[in-house]
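> Next input, structure requested:
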Amino acid sequence: MKIFVTKLGIFLLSFLMIAGLAIVPAFAANNVKDKYPLDEESPLKDLYVGFYGDSICEGMVEMNTEYASVRAWAGRIAAANGCKFDNYGRSGASISNCRGANTIMTQLENSKRAGKQYDIIVLHGGVNDAWDNVAVGEIVEGYPPTSLYDPSTFAPALEQVFSYVEENFPDAMVCYIINFKFLNASMGISLMDMDRYVEATIEICEKWGIPYLDLYHNEELVDALHPYTIGSGGTKNYQKTYLYDFVHPSTNGFDLIYPYINEFLIELVDPDYNDNKEPDPEPEPEPEPEQKPEPEPEPEHPSHQEEPDPSLEPTPDPKGGCQSSMSAPAMAVGTILMMGMLAITRKKKRNEA
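Numbers count the residues shown, from 1 in each chain. Predicted coordinates:
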């Protein structure tokens with residue numbers, strides 16, 4: 001019987017530990033979504049948005065983290081506005097076919113084949129074309145059919161993308177995100193100067209009437225993404241605070257970038273929304289209760305005063321305030337384990353009796 005009780009105890013402890021591990025990510029996921037509060041009146045609410053692009057659009061760095069459910073700008077925008085979305089971004093994808101079939105065009109074809117129809121299509125790309133130093137090529141005269149564009153160079157390939165979207169997603173609002181500028185050459189010198197690709201992109205977007213967000217020339221964002229210290233000789237030592245490898249945004253990086261894209265999409269749908277949005281009313285101050293004088297308590301004898309237990313003190317929060325020294329997940333798991341141990345102890349005593 002003792003052997004049975006021991007085996008039962010081991011089984012219950014194992015089960016409870018596994019259950020505890022399952023509880024922790026649930027708490028973490030809820031905490032992550034709380035960072036991006038839902039705007040119930042957002043003009044993006046309930047819209048269906050398709051995001052297309054490369055590994056930056058994909059949110060490669062956050063794929064297997066607690067931020068996976070809100071990864072990249074796509075997930076954050078969906079969480080903050082209550083819209084439905086698909087993120088087709090893929091590592092290595094390019095505008096031209098410099099990397100074979102891994103193109104933005106292929107992503108669009110796949111979504112069309114799946115029968116998708118979006119309210120908004122958000123396109124992004126050009127980084128891998130610049131990385132591979134592909135030729136910019138010439139902007140095509142007129143608007144020939146999609147099949148007549150040469151995707152081996154950047155400019156005609158981008159026009160082919162716009163032509164395909166126009167033919168196959170006629171009811172969607174289409175826009176383009178021009179990637180932010182890179183200031184560190186550690187991932188390839190060609191990424192330091194994307195001017196010719198950006199200039200071609202702006203010209204093509206204006207030709208096709210495609211709204212675009214130019215993050216490349218946004219000095220506020222670019223400077224924020226590239227903090228640095230000054231080394232010997234005055235050299236800038238860039239930090240990886242916001243760009244994981246000086247190219248791909250980290251979680252902190254996406255938190256910096258997504259508000260710009262979020263505002264851009266809101267203005268695309270409703271240009272007057274932010275101007276007409278009423279600020280949250282300030283709460284009226286509650287009247288202070290009348291202060292009644294309280295009698296002074298008699299001093300306790302020193303022998304009756306108890307020393308405070310340091311283990312019961314709250315842990316100071318570096319951001320201000322206090323927090324419990326034990327997290328909610330840990331408390332939940334600890335409670336379950338204690339209940340399991342008590343059950344085992346009672347079972348053992350009954351068997352011994």
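> Report the residue spans of this structure with pLDDT below the cut-off.
Applying pLDDT under 70 to the chain flags the ranges 1-30, 278-353.
> Show me the strands in it, by range?
All strands of the chain, identified by DSSP state E, fall at 48-52, 84-87, 120-125, 173-178, 212-214, 228-230, 236-238, 315-316, 322-323.
> Out of those, which is closest to Gly253?
strand 236-238 (12.8 Å; CB to CB). C-betas here are computed from N, CA, C, even on glycine.
> re earlier: out of the strands of the chain, deepest packed?
Mean neighbour counts were compared across those using mean count of other CB atoms under 10 Å; the top stretch is strand 120-125, at a mean of 25.
> Could you tell me the angle between that one and strand 48-52?
Counting by axes from the mean of the first three to the mean of the last three CA atoms, to 10 degrees, strand 120-125 lies at 10 degrees to strand 48-52.
> Run through who's touching strand 120-125.
Around strand 120-125, the neighbours that count as contacts under CB atoms under 8 Å, 6 or more residues apart in numbering are 44, 47-54, 56-57, 74, 89, 93-95, 104, 158, 161, 165, 169, 172-177, 179, 261, 265, 268-269.
> what is the orientation angle of it with strand 173-178?
Taking the same axes, to 10 degrees, one finds strand 120-125 and strand 173-178 inclined to each other by 20 degrees.
> Save the strands of the chain as TSV, and put in distance to Ile257 too.
Output for the strands of the chain, formatted as TSV (distance: least, CB to CB, whole Å):
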stretch	distance to Ile257
strand 48-52	13
strand 84-87	15
strand 120-125	11
strand 173-178	9
strand 212-214	10
strand 228-230	18
strand 236-238	17
strand 315-316	32
strand 322-323	29
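> Quick one: closest of the ones you listed to Met192.
So among these, strand 236-238 is nearest, using CB to CB, at 11.9 Å.
> And Lys112, how close does it get to Leu158?
18 Å (CB to CB, to the nearest Å).
> quick one, which of the two is more surrounded?
Leu158 (32 against 15; other CB atoms under 10 Å).
> Name all residues that make contact with the more buried one.
Leu158 is in contact with Ile95, Gly125, Ala200, Thr201, Ile204, counting by CB under 8 Å, 6+ apart.
> Could you give the bridge partners of the second one?
Note on Gly125: beta-bridge partners Ile178, judged by DSSP bridges.
> on that earlier part again, keep only those of the contacts of Leu158 that are in helices.
Ala200, Thr201, Ile204 (DSSP state H).
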